[in-house]
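Q: no sequence for this one, just the structure:
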(Lines give C-alpha, C1' and ligand atoms only; values in the text may rest on other atoms or scores of the structure.)
Protein backbone atom coordinates (compact mmCIF):
# COMPACT_ATOMS: atom_id res chain seq x y z
CA UNK A 1 0.00 0.00 0.00
CA UNK A 2 1.29 3.46 -0.83
CA UNK A 3 1.51 6.50 1.44
CA UNK A 4 -1.69 7.89 2.95
CA UNK A 5 -1.48 10.96 0.75
CA UNK A 6 -1.74 8.95 -2.51
CA UNK A 7 -5.27 9.95 -3.41
CA UNK A 8 -5.49 9.90 -7.18
CA UNK A 9 -3.42 9.78 -10.32
CA UNK A 10 -3.71 12.15 -13.26
CA UNK A 11 -1.90 11.49 -16.50
CA UNK A 12 0.43 14.39 -17.19
CA UNK A 13 0.11 15.79 -20.74
CA UNK A 14 3.20 16.30 -22.86
CA UNK A 15 2.53 19.93 -23.76
CA UNK A 16 4.76 22.23 -21.67
CA UNK A 17 3.33 24.79 -19.29
CA UNK A 18 3.68 28.35 -20.54
CA UNK A 19 5.81 30.06 -17.84
CA UNK A 20 5.49 33.48 -19.45
CA UNK A 21 1.70 33.27 -19.41
CA UNK A 22 1.70 32.48 -15.69
CA UNK A 23 4.12 35.35 -15.00
CA UNK A 24 1.90 37.69 -16.99
CA UNK A 25 -1.03 36.98 -14.69
CA UNK A 26 1.06 38.00 -11.67
CA UNK A 27 2.27 41.12 -13.44
CA UNK A 28 -1.22 42.31 -14.45
CA UNK A 29 -2.73 41.34 -11.03
CA UNK A 30 -5.22 38.93 -12.62
CA UNK A 31 -3.76 35.92 -10.80
CA UNK A 32 -5.78 34.44 -7.96
CA UNK A 33 -3.68 33.78 -4.88
CA UNK A 34 -4.64 31.46 -2.04
CA UNK A 35 -3.13 31.49 1.43
CA UNK A 36 -3.50 28.46 3.70
CA UNK A 37 -3.30 29.39 7.38
CA UNK A 38 -4.60 32.78 8.52
CA UNK A 39 -2.63 33.32 11.69
CA UNK A 40 0.15 35.76 12.56
CA UNK A 41 1.91 35.02 9.25
CA UNK A 42 -0.90 34.27 6.82
CA UNK A 43 -3.24 37.13 7.66
CA UNK A 44 -0.65 39.94 7.31
CA UNK A 45 0.53 38.32 4.08
CA UNK A 46 -2.93 38.12 2.54
CA UNK A 47 -3.51 41.76 3.51
CA UNK A 48 -0.31 42.74 1.68
CA UNK A 49 -1.57 40.80 -1.36
CA UNK A 50 -4.97 42.50 -1.33
CA UNK A 51 -3.38 45.92 -0.79
CA UNK A 52 -1.76 45.62 -4.22
CA UNK A 53 -4.94 44.87 -6.13
CA UNK A 54 -4.97 41.07 -6.17
CA UNK A 55 -7.98 38.92 -5.39
CA UNK A 56 -6.98 36.53 -2.64
CA UNK A 57 -8.64 33.59 -0.93
CA UNK A 58 -7.77 32.73 2.64
CA UNK A 59 -8.09 29.08 3.71
CA UNK A 60 -8.23 27.95 7.33
CA UNK A 61 -9.67 25.02 9.26
CA UNK A 62 -10.56 27.32 12.17
CA UNK A 63 -14.22 28.21 11.63
CA UNK A 64 -14.04 31.07 14.15
CA UNK A 65 -11.36 32.84 12.10
CA UNK A 66 -13.35 32.43 8.88
CA UNK A 67 -16.50 33.79 10.54
CA UNK A 68 -14.71 36.82 11.97
CA UNK A 69 -13.02 37.70 8.69
CA UNK A 70 -16.29 37.26 6.80
CA UNK A 71 -17.82 39.84 9.14
CA UNK A 72 -14.94 42.21 8.45
CA UNK A 73 -13.32 41.63 11.84
CA UNK A 74 -9.65 41.13 12.62
CA UNK A 75 -8.26 38.99 15.43
CA UNK A 76 -4.70 40.30 15.18
CA UNK A 77 -3.99 43.55 16.99
CA UNK A 78 -2.01 45.46 14.38
CA UNK A 79 -4.48 44.63 11.58
CA UNK A 80 -7.53 46.83 11.96
CA UNK A 81 -11.15 45.90 11.31
CA UNK A 82 -11.47 48.71 8.75
CA UNK A 83 -8.84 47.08 6.54
CA UNK A 84 -10.45 43.64 6.66
CA UNK A 85 -13.92 45.09 6.14
CA UNK A 86 -12.78 47.03 3.06
CA UNK A 87 -11.23 43.90 1.55
CA UNK A 88 -14.38 41.86 2.17
CA UNK A 89 -16.72 44.51 0.78
CA UNK A 90 -14.52 45.02 -2.26
CA UNK A 91 -14.31 41.27 -2.99
CA UNK A 92 -10.54 41.41 -2.66
CA UNK A 93 -10.53 38.86 0.17
CA UNK A 94 -12.56 35.68 0.39
CA UNK A 95 -12.12 33.68 3.62
CA UNK A 96 -13.19 30.05 3.37
CA UNK A 97 -12.86 26.59 4.88
CA UNK A 98 -13.74 25.03 1.50
CA UNK A 99 -10.40 23.64 0.34
CA UNK A 100 -11.88 22.45 -2.97
CA UNK A 101 -11.50 26.06 -4.09
CA UNK A 102 -7.73 25.57 -4.17
CA UNK A 103 -8.16 24.42 -7.78
CA UNK A 104 -9.21 27.98 -8.68
CA UNK A 105 -5.92 29.46 -7.50
CA UNK A 106 -2.96 30.35 -9.69
CA UNK A 107 -0.70 30.28 -6.63
CA UNK A 108 -1.09 28.67 -3.21
CA UNK A 109 1.01 29.80 -0.24
CA UNK A 110 1.24 27.60 2.86
CA UNK A 111 1.59 29.52 6.15
CA UNK A 112 0.90 26.80 8.71
CA UNK A 113 2.49 26.08 12.11
CA UNK A 114 5.56 23.87 12.47
CA UNK A 115 5.82 23.23 16.22
CA UNK A 116 8.07 20.80 18.06
CA UNK A 117 6.64 17.65 19.60
CA UNK A 118 7.22 16.61 23.21
CA UNK A 119 10.61 15.17 22.20
CA UNK A 120 11.61 18.52 20.66
CA UNK A 121 11.48 17.09 17.16
CA UNK A 122 9.74 18.78 14.20
CA UNK A 123 5.99 18.16 14.10
CA UNK A 124 5.11 18.39 10.41
CA UNK A 125 1.44 17.48 10.84
CA UNK A 126 0.13 20.83 9.60
CA UNK A 127 2.49 20.94 6.62
CA UNK A 128 1.57 17.41 5.58
CA UNK A 129 -2.19 17.92 5.93
CA UNK A 130 -2.03 21.22 4.02
CA UNK A 131 0.06 19.66 1.26
CA UNK A 132 -2.47 16.83 1.03
CA UNK A 133 -5.27 19.38 0.65
CA UNK A 134 -3.37 21.11 -2.14
CA UNK A 135 -2.62 17.78 -3.82
CA UNK A 136 -6.31 16.86 -3.99
CA UNK A 137 -6.98 19.93 -6.11
CA UNK A 138 -3.62 20.55 -7.78
CA UNK A 139 -3.78 21.46 -11.47
CA UNK A 140 -1.24 22.21 -14.15
CA UNK A 141 0.37 25.62 -14.09
CA UNK A 142 -0.06 26.26 -10.37
CA UNK A 143 2.68 27.69 -8.17
CA UNK A 144 2.89 26.30 -4.63
CA UNK A 145 5.04 28.03 -2.01
CA UNK A 146 5.80 26.87 1.52
CA UNK A 147 6.51 29.65 4.03
CA UNK A 148 6.48 27.70 7.30
CA UNK A 149 9.80 27.67 9.17
CA UNK A 150 11.34 24.23 8.84
CA UNK A 151 14.48 22.16 8.33
CA UNK A 152 16.41 22.12 5.02
CA UNK A 153 14.90 19.58 2.66
CA UNK A 154 11.26 19.88 3.75
CA UNK A 155 10.02 21.40 0.49
CA UNK A 156 11.79 18.94 -1.80
CA UNK A 157 11.76 15.79 0.34
CA UNK A 158 8.38 16.05 2.08
CA UNK A 159 6.05 18.42 0.24
CA UNK A 160 7.10 17.57 -3.32
CA UNK A 161 6.38 13.79 -3.05
CA UNK A 162 2.97 14.46 -1.54
CA UNK A 163 2.02 16.76 -4.41
CA UNK A 164 3.46 14.57 -7.16
CA UNK A 165 2.26 11.17 -5.98
CA UNK A 166 -1.25 12.28 -5.14
CA UNK A 167 -1.78 14.25 -8.34
CA UNK A 168 0.28 12.45 -10.97
CA UNK A 169 1.71 15.84 -11.95
CA UNK A 170 5.43 16.57 -12.18
CA UNK A 171 7.18 19.27 -10.17
CA UNK A 172 9.00 21.71 -12.44
CA UNK A 173 7.05 20.50 -15.47
CA UNK A 174 3.34 20.61 -14.63
CA UNK A 175 3.41 22.64 -11.41
CA UNK A 176 6.05 24.68 -9.61
CA UNK A 177 7.20 24.51 -6.00
CA UNK A 178 9.24 26.96 -3.94
CA UNK A 179 10.14 27.91 -0.39
CA UNK A 180 10.06 31.48 0.92
CA UNK A 181 10.54 31.83 4.68
CA UNK A 182 8.20 34.08 6.60
CA UNK A 183 9.91 36.98 8.35
CA UNK A 184 6.95 38.31 10.27
CA UNK A 185 7.58 40.34 13.43
CA UNK A 186 4.22 40.85 15.19
CA UNK A 187 3.74 44.38 16.47
CA UNK A 188 6.65 45.87 14.53
CA UNK A 189 5.35 49.05 12.92
CA UNK A 190 8.66 49.82 11.18
CA UNK A 191 9.28 46.51 9.45
CA UNK A 192 5.99 45.22 8.06
CA UNK A 193 5.22 42.21 5.88
CA UNK A 194 5.21 44.39 2.77
CA UNK A 195 8.53 46.10 3.54
CA UNK A 196 10.69 43.18 4.71
CA UNK A 197 12.87 41.67 1.91
CA UNK A 198 11.59 38.24 0.86
CA UNK A 199 14.00 35.35 0.35
CA UNK A 200 12.87 32.96 -2.41
CA UNK A 201 14.30 29.62 -3.45
CA UNK A 202 12.54 27.29 -5.86
CA UNK A 203 12.88 23.70 -6.99
CA UNK A 204 14.30 24.58 -10.38
CA UNK A 205 14.79 27.97 -12.06
CA UNK A 206 11.20 28.24 -13.34
CA UNK A 207 9.78 27.91 -9.83
CA UNK A 208 12.23 30.49 -8.52
CA UNK A 209 11.34 32.89 -11.33
CA UNK A 210 7.59 32.51 -10.78
CA UNK A 211 7.84 32.94 -7.01
CA UNK A 212 10.07 35.98 -7.43
CA UNK A 213 7.63 37.50 -9.92
CA UNK A 214 4.63 36.86 -7.67
CA UNK A 215 6.15 38.24 -4.46
CA UNK A 216 7.66 41.15 -6.34
CA UNK A 217 4.17 42.48 -7.09
CA UNK A 218 3.15 42.98 -3.45
CA UNK A 219 6.38 43.05 -1.42
CA UNK A 220 9.09 45.71 -1.52
CA UNK A 221 12.02 43.47 -2.40
CA UNK A 222 12.78 39.85 -3.25
CA UNK A 223 16.09 38.07 -2.72
CA UNK A 224 16.53 34.91 -4.79
CA UNK A 225 18.77 32.05 -3.71
CA UNK A 226 19.89 28.96 -5.58
CA UNK A 227 17.54 26.40 -4.04
CA UNK A 228 14.67 25.75 -1.67
CA UNK A 229 17.15 24.21 0.77
CA UNK A 230 19.18 27.41 0.83
CA UNK A 231 16.05 29.44 1.57
CA UNK A 232 15.08 27.01 4.35
CA UNK A 233 18.58 27.28 5.85
CA UNK A 234 18.46 31.08 5.65
CA UNK A 235 15.49 31.28 8.01
CA UNK A 236 17.09 28.88 10.48
CA UNK A 237 20.34 30.83 10.40
CA UNK A 238 18.56 34.09 11.20
CA UNK A 239 16.83 32.65 14.25
CA UNK A 240 19.78 30.57 15.46
CA UNK A 241 21.86 33.77 15.37
CA UNK A 242 19.35 35.46 17.67
CA UNK A 243 18.93 32.47 19.98
CA UNK A 244 22.67 32.05 20.51
CA UNK A 245 23.30 35.75 21.13
CA UNK A 246 20.35 36.07 23.50
CA UNK A 247 21.71 33.07 25.39
CA UNK A 248 25.08 34.79 25.59
CA UNK A 249 23.68 37.95 27.20
CA UNK A 250 21.49 35.84 29.49
CA UNK A 251 24.60 34.05 30.70
CA UNK A 252 26.46 37.33 31.08
CA UNK A 253 23.53 38.69 33.07
CA UNK A 254 23.87 35.91 35.64
CA UNK A 255 27.65 36.39 35.86
CA UNK A 256 27.43 40.17 36.18
CA UNK A 257 24.67 39.91 38.79
CA UNK A 258 27.07 37.95 40.97
CA UNK A 259 29.65 40.70 40.49
CA UNK A 260 27.21 43.51 41.25
CA UNK A 261 27.33 44.81 37.68
CA UNK A 262 24.21 45.91 35.79
CA UNK A 263 24.09 44.07 32.43
CA UNK A 264 21.75 46.70 31.01
CA UNK A 265 24.27 49.47 31.71
CA UNK A 266 27.01 47.35 30.13
CA UNK A 267 24.97 46.83 26.95
CA UNK A 268 24.13 50.53 26.66
CA UNK A 269 27.83 51.38 26.88
CA UNK A 270 28.95 48.58 24.54
CA UNK A 271 26.50 49.50 21.79
CA UNK A 272 28.13 52.94 21.41
CA UNK A 273 30.92 51.15 19.53
CA UNK A 274 30.14 51.80 15.84
CA UNK A 275 31.56 48.50 14.60
CA UNK A 276 32.03 44.92 15.73
CA UNK A 277 29.14 44.86 18.22
CA UNK A 278 25.40 44.34 17.93
CA UNK A 279 23.20 44.73 21.04
CA UNK A 280 21.10 41.81 22.26
CA UNK A 281 19.13 41.98 25.46
CA UNK A 282 18.58 39.49 28.29
CA UNK A 283 15.18 38.45 29.52
CA UNK A 284 13.15 35.87 31.43
CA UNK A 285 13.40 33.31 28.62
CA UNK A 286 12.55 33.04 24.95
CA UNK A 287 9.08 33.25 23.46
CA UNK A 288 7.30 33.35 20.13
CA UNK A 289 7.03 30.70 17.45
CA UNK A 290 10.45 31.15 15.86
CA UNK A 291 13.43 31.67 18.13
CA UNK A 292 12.67 29.03 20.80
CA UNK A 293 11.77 26.43 18.14
CA UNK A 294 13.54 26.93 14.81
CA UNK A 295 17.10 26.15 16.01
CA UNK A 296 16.01 22.65 17.00
CA UNK A 297 14.88 21.91 13.42
CA UNK A 298 18.54 22.07 12.44
CA UNK A 299 19.62 20.10 15.52
CA UNK A 300 17.22 17.35 14.48
CA UNK A 301 18.30 17.39 10.84
CA UNK A 302 22.00 17.45 11.73
CA UNK A 303 21.64 14.06 13.42
CA UNK A 304 21.23 12.53 9.94
CA UNK A 305 24.81 13.62 9.28
CA UNK A 306 26.16 12.60 12.73
CA UNK A 307 26.91 16.23 13.55
CA UNK A 308 26.38 17.70 17.02
CA UNK A 309 24.96 21.24 17.14
CA UNK A 310 26.72 22.23 20.37
CA UNK A 311 26.18 26.00 20.16
CA UNK A 312 22.47 25.55 19.48
CA UNK A 313 21.96 23.04 22.27
CA UNK A 314 23.93 25.08 24.80
CA UNK A 315 21.99 28.23 23.86
CA UNK A 316 18.76 26.29 24.33
CA UNK A 317 19.84 25.10 27.78
CA UNK A 318 20.71 28.63 28.90
CA UNK A 319 17.53 30.21 27.58
CA UNK A 320 15.28 27.47 28.95
CA UNK A 321 16.89 27.95 32.38
CA UNK A 322 16.04 31.66 32.61
CA UNK A 323 12.50 31.28 34.09
CA UNK A 324 14.03 29.24 36.94
CA UNK A 325 16.60 31.98 37.44
CA UNK A 326 13.83 34.59 37.75
CA UNK A 327 11.97 32.51 40.33
CA UNK A 328 15.20 31.91 42.26
CA UNK A 329 15.86 35.66 42.35
CA UNK A 330 12.33 36.20 43.61
CA UNK A 331 12.70 33.58 46.35
CA UNK A 332 16.04 35.02 47.44
CA UNK A 333 14.70 38.59 47.54
CA UNK A 334 11.63 37.61 49.58
CA UNK A 335 13.78 35.72 52.06
CA UNK A 336 16.49 38.36 52.39
CA UNK A 337 14.16 41.35 52.69
CA UNK A 338 11.17 39.97 54.51
CA UNK A 339 12.22 36.52 55.80
CA UNK A 340 9.29 35.25 53.75
CA UNK A 341 9.23 31.93 51.92
CA UNK A 342 7.98 31.61 48.37
CA UNK A 343 5.30 29.17 49.48
CA UNK A 344 2.09 31.06 50.11
CA UNK A 345 3.34 34.29 48.49
CA UNK A 346 0.99 36.26 46.26
CA UNK A 347 2.66 37.18 42.97
CA UNK A 348 1.46 39.54 40.23
CA UNK A 349 2.83 38.86 36.75
CA UNK A 350 3.00 41.88 34.42
CA UNK A 351 2.70 40.63 30.85
CA UNK A 352 2.05 37.10 29.58
CA UNK A 353 2.55 37.87 25.87
CA UNK A 354 5.93 36.70 24.59
CA UNK A 355 6.96 40.23 23.53
CA UNK A 356 5.82 43.74 24.22
CA UNK A 357 2.82 45.41 22.59
CA UNK A 358 1.30 42.23 21.09
CA UNK A 359 -1.29 39.68 22.23
CA UNK A 360 0.73 36.65 21.09
CA UNK A 361 1.37 34.22 23.96
CA UNK A 362 3.06 31.45 21.97
CA UNK A 363 5.96 29.91 23.92
CA UNK A 364 5.85 32.82 26.39
CA UNK A 365 8.29 32.41 29.31
CA UNK A 366 5.53 33.79 31.56
CA UNK A 367 3.93 30.35 31.65
CA UNK A 368 7.15 28.62 32.70
CA UNK A 369 7.50 31.16 35.51
CA UNK A 370 3.86 30.74 36.57
CA UNK A 371 4.21 26.95 36.50
CA UNK A 372 7.27 27.09 38.75
CA UNK A 373 5.52 29.45 41.14
CA UNK A 374 2.55 27.10 41.29
CA UNK A 375 4.79 24.10 42.01
CA UNK A 376 6.41 26.01 44.87
CA UNK A 377 3.07 26.93 46.42
CA UNK A 378 2.74 30.54 45.28
CA UNK A 379 -0.42 32.07 43.91
CA UNK A 380 0.09 33.88 40.60
CA UNK A 381 -2.28 36.35 38.92
CA UNK A 382 -1.51 38.54 35.94
CA UNK A 383 -2.17 41.81 34.18
CA UNK A 384 -1.67 42.16 30.44
CA UNK A 385 -3.26 45.02 28.47
CA UNK A 386 -3.24 42.89 25.31
CA UNK A 387 -4.31 39.50 26.68
CA UNK A 388 -7.75 39.51 28.31
CA UNK A 389 -7.87 35.76 28.90
CA UNK A 390 -5.17 33.10 28.49
CA UNK A 391 -6.25 31.10 25.43
CA UNK A 392 -6.65 27.33 25.68
CA UNK A 393 -3.58 25.31 24.67
CA UNK A 394 -2.06 22.12 25.97
CA UNK A 395 1.26 23.86 26.66
CA UNK A 396 -0.18 25.94 29.51
CA UNK A 397 -3.34 24.03 30.31
CA UNK A 398 -3.11 24.85 34.02
CA UNK A 399 -3.74 28.52 33.23
CA UNK A 400 -6.30 28.23 30.42
CA UNK A 401 -9.09 30.74 30.92
CA UNK A 402 -7.27 32.77 33.57
CA UNK A 403 -8.27 36.42 33.12
CA UNK A 404 -6.15 39.54 33.26
CA UNK A 405 -6.81 41.67 36.34
CA UNK A 406 -7.24 45.44 36.03
CA UNK A 407 -4.03 47.15 37.08
CA UNK A 408 -4.38 49.44 40.07
CA UNK A 409 -2.38 50.68 43.02
CA UNK A 410 -4.53 48.57 45.33
CA UNK A 411 -3.84 45.40 43.33
CA UNK A 412 -0.10 46.06 43.27
CA UNK A 413 0.01 46.85 46.99
CA UNK A 414 -1.94 43.68 47.84
CA UNK A 415 0.73 41.41 46.33
CA UNK A 416 3.88 40.16 47.99
CA UNK A 417 5.81 40.75 44.77
CA UNK A 418 5.42 41.85 41.16
CA UNK A 419 7.37 40.23 38.31
CA UNK A 420 7.69 42.26 35.11
CA UNK A 421 7.88 39.55 32.44
CA UNK A 422 6.76 41.54 29.38
CA UNK A 423 7.51 45.26 29.14
CA UNK A 424 4.41 46.53 27.32
CA UNK A 425 4.60 50.28 26.69
CA UNK A 426 1.13 51.05 28.01
CA UNK A 427 1.75 49.96 31.60
CA UNK A 428 2.22 52.47 34.43
CA UNK A 429 5.58 51.31 35.73
CA UNK A 430 5.97 54.36 37.93
CA UNK A 431 2.82 53.39 39.79
CA UNK A 432 4.10 49.84 40.16
CA UNK A 433 7.45 51.00 41.54
CA UNK A 434 5.71 53.33 43.98
CA UNK A 435 3.19 50.83 45.37
CA UNK A 436 4.87 47.42 45.09
CA UNK A 437 6.40 45.76 48.09
CA UNK A 438 8.92 44.07 45.79
CA UNK A 439 9.46 44.20 42.01
CA UNK A 440 11.45 41.65 40.03
CA UNK A 441 12.24 43.46 36.75
CA UNK A 442 13.33 41.05 34.01
CA UNK A 443 13.19 43.60 31.17
CA UNK A 444 14.76 46.75 32.65
CA UNK A 445 11.30 48.31 32.33
CA UNK A 446 11.97 50.51 35.34
CA UNK A 447 15.34 51.71 34.06
CA UNK A 448 17.04 54.09 36.48
CA UNK A 449 14.24 53.61 39.00
CA UNK A 450 15.94 50.30 39.76
CA UNK A 451 18.02 52.11 42.37
CA UNK A 452 14.98 51.94 44.66
CA UNK A 453 15.25 49.40 47.47
CA UNK A 454 12.12 47.50 46.39
CA UNK A 455 13.35 46.76 42.85
CA UNK A 456 15.51 43.80 41.83
CA UNK A 457 16.72 43.21 38.29
CA UNK A 458 16.63 39.58 37.20
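A: Yep, that arrived. Note that the structure is predicted; figures quoted are calculated from it, not measured.
Q: what ranges does this protein have for its helices?
A: Ranges of helices within the chain are 19-27, 42-51, 63-70, 81-89, 125-137, 160-167, 205-216, 228-259, 263-270, 294-302, 310-338, 365-375, 409-413, 429-435, based on DSSP state H.
Q: closest to residue 191 out of the ones you listed?
A: Closest approach to residue 191 among the helices of the chain is made by helix 42-51 (11.5 Å; Cβ to Cβ). (Each C-beta comes from the backbone N, C-alpha and C, glycine too.)
Q: quick one, which of the helices of the chain is packed in tightest?
A: Highest mean neighbour count of those: helix 42-51, a mean of 24 (counted as mean count of other Cβ atoms under 10 Å).
Q: off-centre distance for that one?
A: Relative to the centre of its chain, helix 42-51 is centred 16 Å away, using Cα atoms, centre = their mean, to the nearest Å.
Q: for stretch 334-354, same thing?
A: On Cα atoms, centre = their mean, the centre of stretch 334-354 falls 29 Å from that of its chain.
Q: quick one: low-confidence parts of the stretch 1-150 of the chain?
A: Applying pLDDT under 70 to the stretch 1-150 of the chain picks out residues 1-14.
Q: follow-up on the earlier one: would you mind saying which of the helices of the chain lies nearest residue 119?
A: Once these are compared by Cβ to Cβ, helix 294-302 is nearest, at 9.4 Å.
Q: picking up where we left off before, need the helices of the chain in TSV with distance to residue 180, can you?
A: Shown next, in TSV, are the helices of the chain (distance: least, Cβ to Cβ, whole Å):
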stretch	distance to residue 180
helix 19-27	14
helix 42-51	10
helix 63-70	23
helix 81-89	22
helix 125-137	14
helix 160-167	15
helix 205-216	6
helix 228-259	6
helix 263-270	33
helix 294-302	15
helix 310-338	23
helix 365-375	29
helix 409-413	46
helix 429-435	40
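Q: residues contacting residue 40?
A: Applying Cβ atoms under 8 Å, 6 or more residues apart in numbering to residue 40 gives the contacts 76, 184, 186, 289, 360.
Q: how near is the second one to residue 300?
A: For residue 184, the distance to residue 300 (Cβ to Cβ, to the nearest Å) stands at 23 Å.
Q: that older thread, closest to residue 458 out of the helices of the chain?
A: Of all those, it is helix 310-338 that lies closest to residue 458, at 3.9 Å by Cβ to Cβ.
Q: in the stretch 351-458 of the chain, which spans are strands?
A: With strands called from DSSP state E, counting those that start in this stretch, the stretch 351-458 of the chain shows them at 379-383, 417-420, 439-441, 455-457.
Q: need these in TSV (columns: mean neighbour count and mean pLDDT).
A: Listed next are those as TSV, based on neighbours: other Cβ atoms under 10 Å; pLDDT from 0 to 100:
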stretch	mean neighbour count	mean pLDDT
strand 379-383	18	96
strand 417-420	27	98
strand 439-441	26	98
strand 455-457	20	95
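Q: which among the contacts of residue 40 gets closest to residue 204?
A: Among the contacts of residue 40, and counting by Cβ to Cβ, the member closest to residue 204 is residue 184, at 26.8 Å.
Q: thought that closest one was touching residue 43?
A: No - Residue 184 is beyond contact range of residue 43, at 9.6 Å (criterion: Cβ atoms under 8 Å).
Q: for the spatially closest residue to residue 158 that is not a sequence neighbour, list the residues it contacts.
A: Once flanking residues are discounted, residue 158 sits nearest to residue 124: 6.4 Å by Cβ to Cβ, 6 or more residues apart in numbering. Applying Cβ under 8 Å, 6+ apart, we find residue 124 in contact with 114, 150, 154, 158.
Q: ok, now residue 100?
A: By Cβ under 8 Å, 6+ apart, residue 100 lies in contact with 136, 137.
Q: so how far is residue 139 from it?
A: In this view, residue 100 and residue 139 are 12 Å apart by Cβ to Cβ.
Q: again, but for residue 298
A: Look at residue 298 and residue 139: by Cβ to Cβ, they are 34 Å apart.
Q: again, but for residue 354
A: Residue 354 is 39 Å from residue 139, by Cβ to Cβ.
Q: what's the answer for residue 389, then?
A: Distance, residue 389 to residue 139, by Cβ to Cβ: 43 Å.
Q: of the two, which one has the most company?
A: residue 139 (15 against 12; other Cβ atoms under 10 Å).
Q: now do the contacts for the nearest residue to that one once chain neighbours are set aside.
A: Excluding the flanking residues, the one nearest residue 139 by Cβ to Cβ, 6+ apart is residue 103, at 5.6 Å. Neighbouring residues of residue 103 by Cβ under 8 Å, 6+ apart: 137, 138, 139.
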